[in-house]
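Participant: Below are the sequence and a predicted model for it; my questions follow.
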Amino acid sequence: MNLFQRLQGIFFSPQPTLKGVTEKPVWVDALVVLLVLIGLFSFLTAPYLQKDSLQIMKDNVRMQERLGEENYNRMIDRLENPSQSMVILQTFGIIPVSFLVGLLFSSLIILVMGRFTSTEGKYVQVFAVLLHANFVDKILGNALRLILVFTRKSVMQTTTSLALFFPRLEVTSSAYLVLTQFDFFQLWLFGLLGFGLSQVLKIELKRALVISYAFWLLKSLLYIALGLIRMRYM
């Protein structure tokens, strides 16, 4: 299957598509597309994220006490007048590379989890399946998020998760942080990953879905913990 067939298949016929990816784990073209789209999404939303960050940081007494007035003012100045080269470096360099590192590490953890139920499957197969499952989140999900960002003029107030049904929640609250982990496109992604893992590990679909959503739970708990630490620091 070529890239277009795989892209179309993930949305309309995921099981045979992921089976094909498992049998022939191609991933280079899919990875390039995702990295470019992630960089583009980050670049287009960067001005709104900068505005959100500035709004949170301004008049933040605790942060000012931690950093000292001089360092605090310097940080505010960087947020108000960001370097264009730094914006490009972050959006087309740091963020896509971080995504790639996360994929590589996640594939390893998922394979280790799969080893508790099966001796079948290779790392490259897990990586290819996880990469293609990300199409739904990084293409369709980010397309919808981009529309919402342009509409709301904010990144932090934009979500495609359960938090969408609680508009009065503060984006810096722990409840909002927890609800954002239940992102509809992420849940779809890990459902597709379960289909792929059943082919990779040669196990029944139910067991594969348990592995997939167990990893999602671990990832979500880690994000929640890091978010709580960040909020406490701020």
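Facilitator: Thanks, I have it.

Participant: Find the least confident helix or strand in this structure, judged by mean pLDDT.
Facilitator: helix 61-67 (a mean of 66; mean pLDDT, DSSP states H and E).

Participant: Now do the helices in this protein.
Facilitator: 3-12, 14-23, 28-57, 61-67, 69-80, 84-89, 95-114, 123-133, 135, 142-152, 174-179, 184-200, 205-233 (DSSP state H).

Participant: Tabulate those helices in JSON lines, adding columns for mean neighbour count.
Facilitator: To be clear about C-beta, it is placed using only N, CA and C from the backbone, and glycine gets the same treatment. Shown next, in JSON lines, are the helices of the chain (neighbours: other C-beta atoms under 10 Å):
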{"stretch": "helix 3-12", "mean neighbour count": "15"}
{"stretch": "helix 14-23", "mean neighbour count": "19"}
{"stretch": "helix 28-57", "mean neighbour count": "16"}
{"stretch": "helix 61-67", "mean neighbour count": "13"}
{"stretch": "helix 69-80", "mean neighbour count": "13"}
{"stretch": "helix 84-89", "mean neighbour count": "11"}
{"stretch": "helix 95-114", "mean neighbour count": "16"}
{"stretch": "helix 123-133", "mean neighbour count": "23"}
{"stretch": "helix 135", "mean neighbour count": "24"}
{"stretch": "helix 142-152", "mean neighbour count": "15"}
{"stretch": "helix 174-179", "mean neighbour count": "16"}
{"stretch": "helix 184-200", "mean neighbour count": "22"}
{"stretch": "helix 205-233", "mean neighbour count": "15"}
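
Participant: Comparing those, which yields the minimum mean pLDDT?
Facilitator: When these are compared by mean pLDDT, helix 61-67 comes last with a mean of 66.

Participant: ok so, going back, using CSV, please lay out the helices of the chain together with distance to Ser161.
Facilitator: Formatted as CSV, these follow (distance: least, C-beta to C-beta, whole Å):
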stretch, distance to Ser161
helix 3-12, 20
helix 14-23, 22
helix 28-57, 17
helix 61-67, 27
helix 69-80, 26
helix 84-89, 26
helix 95-114, 18
helix 123-133, 18
helix 135, 19
helix 142-152, 10
helix 174-179, 6
helix 184-200, 7
helix 205-233, 11
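
Participant: For Phe165, which of these is the nearest?
Facilitator: Closest to Phe165 of the helices of the chain is helix 174-179 (C-beta to C-beta; 8.4 Å).

Participant: which other residues reach the closest one?
Facilitator: Under the criterion C-beta atoms under 8 Å, 6 or more residues apart in numbering, residues 161-163, 166, 169-170, 223-224, 227-228, 231 lie in contact with helix 174-179.

Participant: next one: stretch 124-141
Facilitator: With C-beta under 8 Å, 6+ apart as the criterion, stretch 124-141 contacts 6-7, 10-11, 17-18, 21-22, 25-27, 30-31, 34, 37-38, 41, 103-104, 106-107, 110-111, 114, 160, 183-186, 188-190, 192-193, 196-197, 199-200.
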